[in-house]
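Colleague: here you go, sequence then predicted model.
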Amino acid sequence: MLLRSVNRRTLLAIPLALTVGALGTGPAAAADIDSIHFLIPGGAGGGWDGTARGTGEALTKSGIVAKATYENMSGGGGGKAIGYLIENANSSHGTLMVNSTPIVIRSLTKRFPQNFRDLTMVAGTIGDYAAFVVSKDSSLNSFKDLVAAYDKDPRKVAIGGGSVPGGMDHLVAAMAMEAAGKDPTKVKYIPYDAGGKAMAALLSGEIQALSTGFSEAVGMAQAGEAKIIGVTSAERVPAFKDAPTLKEQGYNAEFVNWRGFFAAPGLPADKRKMYISALDKMYKTPEWEAVRARNGWVNIYNPGDDFTAFLTKQEEVISTLMKKLGFL
C-alpha cells in the first residue's frame, strides 16, 4: 500500500537514533545558547507553529537556551519564509526555521524554486502522524463513514488541509482514499494557508473533513470542537487513545510526517554544531518528554549530514509516488 510504503521506506531507509524517555536532571546553571529566533513558515495553530513553540519551550525550560522568540511568516506554502532566510542569510545566523515533508513535496511540484539543499541542514527532530478530523456535530463518526459519503456523492465530500494542492495534506488524503479502493485523483481537496485556517473552515462547515497532523487534531478533540475519525499510525497513539487508526478500520494505511530545523545558507560550522548539540541535549530532558508526550509526537532524530541523507531518500520515494498519483 502506498501510504505504508512512504512510512516504511522513508523512515527505515536511514538509520534513526530514536530517543524516548526523560533522562535530564533539570535546568543547567548557565544556558548553552543565549537566544534562538524561530522562523515559522505558516500561521498560528499549525503543525510548524506547534513544533517551533514546543521545541522552544523545552529548550528554555530546561535551561539549554536562555531566550526563544518566534515569528510567523505565512505565504507561498512556506516559500516566503525560505526565500527570506536565503536572502537575509548573513544576518540570520541566530535563526532556525522549522519545516517538514512539504519542503520536499513543494520543491518537486515547483511551488517554489528552492529546495532543502539551498539551506543549512540542522536536524530532523520529530515525527507527527496524519489524522482525519470532522466537526463535533458531524454525522460522520469513522473513516468508513467518510468513504461511504464519498461513494454516495464525491462532489459533496470536501476534504481540507493546511497545504497547497498536491501538498502533504492533499497527498495523505489521496493515498488514504486509494487505500479504500477509490480513485485518488478525484478527491475534492480544498487548500488553506496553514492548519489554523483549515480548522476554522472545518468548524464553519465549509469542508466536511480535515486532513491534518495528529498533534493539531488532538488539540481540537480535547477542546471538544472536533472528532478524530482516523489516524495514520500502526496502533492507537497514547496521547489520545480514543482516536481509531485507519488500519483498524480496514485500511492498510500508515504515514508519519517528519519535522525539523534548518538554518540560513552559509551558517558557520561551529554555529551549526552548537544548534545540533543543543537539540541533542534537549532530547535527554524531562521538559522535552513532557512536550513530546503532550503532542503525541514520535522521536525521530536525524542530525546534520544524516538529515541531508534522510531527505534525499525521501525525495526519491515521494517523487515516485506523486508521479503514480498524477501529482507530478
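Modeller: Ah, there it is.

Colleague: count the residues that sit near Gly250.
Modeller: Around Gly250 there are 12 other residues, counting by other C-beta atoms under 10 Å. Where C-beta positions appear, they are placed from N, C-alpha and C, glycine not excepted.

Colleague: now swap in Ala269 and tell me
Modeller: Considering only other C-beta under 10 Å, Ala269 is surrounded by 8 other residues.

Colleague: again with the one 4 residues further on
Modeller: The local packing of Lys273 (other C-beta under 10 Å) involves 13 other residues.

Colleague: again with Arg272
Modeller: For Arg272, the neighbour count with other C-beta under 10 Å is 18.

Colleague: and for Ile229?
Modeller: Ile229 has 24 neighbours, counted by other C-beta under 10 Å.

Colleague: swap in Ile207?
Modeller: The number of residues packed near Ile207 is 23, by other C-beta under 10 Å.

Colleague: list the buried residues in the helix or strand harbouring Glu316.
Modeller: Element membership for Glu316, per DSSP states H and E: helix 304-325. Buried residues in helix 304-325, defined by neighbour count with 16 or more other C-beta atoms under 10 Å: 306-308, 310-311, 313-315, 317-319, 321-322, 325.

Colleague: over to stretch 182-189?
Modeller: Here stretch 182-189 shows 182, 184, 187, 189 as buried, counting by 16+ other C-beta under 10 Å.

Colleague: could you give me the average pLDDT of stretch 81-92?
Modeller: Mean pLDDT, stretch 81-92: 96.

Colleague: same question, stretch 234-246
Modeller: For stretch 234-246, the mean pLDDT works out to 92.

Colleague: what about that stretch, how long is it end to end?
Modeller: Terminal residues of stretch 234-246 are spaced 8 Å apart (C-alpha to C-alpha, to the nearest Å).

Colleague: who touches that stretch?
Modeller: With contact meaning C-beta atoms under 8 Å, 6 or more residues apart in numbering, stretch 234-246 is reached by 129, 131-132, 142-143, 176, 179, 214-215, 217-218, 221-222, 228-233, 247-248, 253-254, 293-296.

Colleague: quick one, what contacts Lys271?
Modeller: Going by C-beta under 8 Å, 6+ apart, Lys271 touches 93, 263.

Colleague: surely Met121 meets Thr312?
Modeller: No. Using C-beta atoms under 8 Å, Met121 is not in contact with Thr312, being 10.4 Å away.

Colleague: please list only the buried members of the contacts of stretch 234-246.
Modeller: Among the contacts of stretch 234-246, the ones that count as buried by 16+ other C-beta under 10 Å are 129, 131-132, 142-143, 176, 179, 214-215, 217-218, 221, 228-233, 247, 253-254, 295-296.

Colleague: if you look at those residues, which of them are in strands?
Modeller: Secondary structure from DSSP state E places 129, 131-132, 228-231 of the buried ones among the contacts of stretch 234-246 in strands.

Colleague: lowest-confidence one in these?
Modeller: Tyr129 (91).

Colleague: which ones are touching the closest residue to that residue other than its chain neighbours?
Modeller: Leaving out its chain neighbours, the residue that sits closest to Tyr129 by C-beta to C-beta, 6 or more residues apart in numbering is Phe214, at 4.1 Å. Listed by C-beta under 8 Å, 6+ apart, the contact set of Phe214 reads 128-131, 228, 231-233, 237, 239-240, 243, 296.

Colleague: Provide the secondary structure category for Lys67.
Modeller: Secondary structure, DSSP: H, G, I helix; E, B strand; the rest coil: Lys67 is strand.

Colleague: that one and Asp34 touch, don't they?
Modeller: Yes. At 6.8 Å, Lys67 counts as touching Asp34 under the criterion of C-beta under 8 Å.

Colleague: these two: who's more crowded?
Modeller: More crowded of Lys67 and Asp34, by other C-beta under 10 Å: Lys67, with 13 against 9.

Colleague: show me what the more buried one is bridged to.
Modeller: Ser35 (DSSP bridges).

Colleague: so where's the stretch 201-328 of the chain uncertain?
Modeller: Of all residues in the stretch 201-328 of the chain, none has pLDDT under 70.

Colleague: where along it do the helices fall?
Modeller: Secondary structure of the stretch 201-328 of the chain by DSSP state H, counting those that start in this stretch: the helices cover 214-222, 269-282, 286-295, 304-325.

Colleague: no further queries at this time; thank you.
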